[in-house]
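J.: Just to be clear, the model below is a prediction. Sequence and coordinates:
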Amino acid sequence: MADEIRISSNARRVLAAFDGLPKRIQEGIKAGLIRGLLLVEDRVRRRTKVKSRRGAAGLMGRLTSKVMVEGSGRLSIDGLIGFRKTRGFPYELAQEYGAKAKAGKAMAIPVTPQARRTSSPREFPGELVIPGSRWLAGATKGYSGRTVGVLGEPTARGLLRVHYVLVKSIPPRLRFGETVRASGKLISREALRGMKSAT
């Protein structure tokens, strides 16, 4: 386990002795760690201030964990938690640590499924325009104070379909690291419970 996650001394001793334990106990510990990390995933989803989108492409849909047993002479067990990679802007880093646009620039936040499928407005398949200020009120709901404009696609009726909101900054609000680091006791408990259930 990563040093940042402070697991209990009992669990640390069990994991350090993993190599010499019987196979069934190793499987129990592995199942316990998997269960513990799934519970941590749930904590991350509940404690974040990021608005979750449905589906696998959304930030919370890409949250994942796994437990690996590796052996090269000696066996070791590792638990990992993080986000599956996608191409384009590392959205989870901006949500975790915050982000600011360069002077005179803005960041484009995709707000439609079509926009989310592209890695940037430059790759958007249609023509995008920055409209006048009258479009801002309805299109930027939830981004007030940080919004400087929108990018949209003109429609045949002379209307505008907004695909991106332009912002100067994104506040840190994911709380991923904080939540994971605070979950050491939970992970320890599940690893020890897995060992006990196998004995």
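T.: Great, that's in hand.
J.: ok, now which ones touch residue 35?
T.: Residue 35 makes contact with 190, 194 under the criterion Cβ atoms under 8 Å, 6 or more residues apart in numbering. C-betas here are computed from N, CA, C, even on glycine.
J.: Give me the distance from the helix or strand in which it is found to the chain's centre.
T.: Using DSSP states H and E, residue 35 maps to helix 23-47. Relative to its chain's centre, helix 23-47 lies at 17 Å (Cα atoms, centre = their mean, to the nearest Å).
J.: And stretch 169-179, by the same measure?
T.: The answer for stretch 169-179 is 10 Å, by Cα atoms, centre = their mean.
J.: go on, stretch 182-199?
T.: 24 Å.
J.: what does that stretch rub up against?
T.: With contacts defined as Cβ under 8 Å, 6+ apart, stretch 182-199 is touched by 1, 5-8, 10-11, 14-15, 21, 24-25, 27-33, 35-37, 39-40, 43, 79.
J.: Go through the helix holding residue 35 and flag the buried ones.
T.: 25-26, 28-37, 40-41, 44 (16 or more other Cβ atoms under 10 Å).
J.: Could you check which helix or strand contains the nearest residue to residue 14 once chain neighbours are set aside?
T.: Of all residues not flanking residue 14 in the chain, residue 195 sits nearest, at 5.9 Å (Cβ to Cβ, 6 or more residues apart in numbering). Per DSSP H and E, residue 195 falls inside helix 184-198.
J.: Pull that helix out as CSV, backbone CA atoms only.
T.: Output in CSV follows, covering the C-alpha atoms of helix 184-198 (Å, rounded to 0.1, in the frame of the first residue of the first chain):
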residue,chain,number,x,y,z
GLY,A,184,-6.4,3.9,6.2
LYS,A,185,-8.4,2.4,9.1
LEU,A,186,-11.2,1.2,6.8
ILE,A,187,-8.7,-0.5,4.5
SER,A,188,-6.8,-2.1,7.5
ARG,A,189,-10.1,-3.3,8.9
GLU,A,190,-11.2,-5.0,5.7
ALA,A,191,-7.7,-6.6,5.1
LEU,A,192,-7.8,-8.1,8.6
ARG,A,193,-11.4,-9.2,8.3
GLY,A,194,-10.5,-10.9,5.0
MET,A,195,-7.6,-12.8,6.8
LYS,A,196,-9.9,-13.8,9.7
SER,A,197,-12.6,-15.0,7.4
ALA,A,198,-10.1,-17.3,5.6
